[in-house]
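Undergrad: Coordinates only, no sequence provided:
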């Protein structure tokens, strides 16, 4: 199931859910600072996904172990 989801769908779904939570908090009488805190806390995972996806791919275990062998010269 997770293989069929793209990053754009995940981000848009997350932002949609975040918008619903913010709207409900305002409708229930939450203060502006509480809604801003919810927004900030909800944006952190999206920023991490966007930052981590912008760079190159993470090294595999084999690549990490191979560089450790080369450094020891064994």
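TA: Perfect, thanks for sending it. Keep in mind the model is a prediction, meaning the values are calculated, not measured.

Undergrad: Return the set of buried residues in the lengthiest helix in the chain.
TA: For the chain, the helix with the greatest residue count under DSSP state H is helix 32-54. For helix 32-54, burial by neighbour count (16 or more other C-beta atoms under 10 Å) applies to 35, 38, 42. The way it works is simple: take the backbone N, C-alpha and C, and place the C-beta from them, glycine included.

Undergrad: chain center to it: distance?
TA: Per C-alpha atoms, centre = their mean, to the nearest Å, the displacement of helix 32-54 from the mean C-alpha position of its chain is 8 Å.

Undergrad: And that helix, what does it pack against?
TA: helix 7-27 (3 or more C-beta pairs under 8 Å, 6 or more residues apart in numbering; DSSP states H and E).

Undergrad: Check which residues of the helix it packs on are buried.
TA: Within helix 7-27, judged by 16+ other C-beta under 10 Å, the buried ones are 18, 22, 25.

Undergrad: any weak-confidence spans in this protein?
TA: 1-5, 53-56, 68-74 (pLDDT under 70).

Undergrad: between the buried residues of helix 32-54, which is nearest residue 7?
TA: Using C-beta to C-beta, residue 42 comes nearest to residue 7 of those, at 17.0 Å.

Undergrad: Nice, that's everything, thank you.
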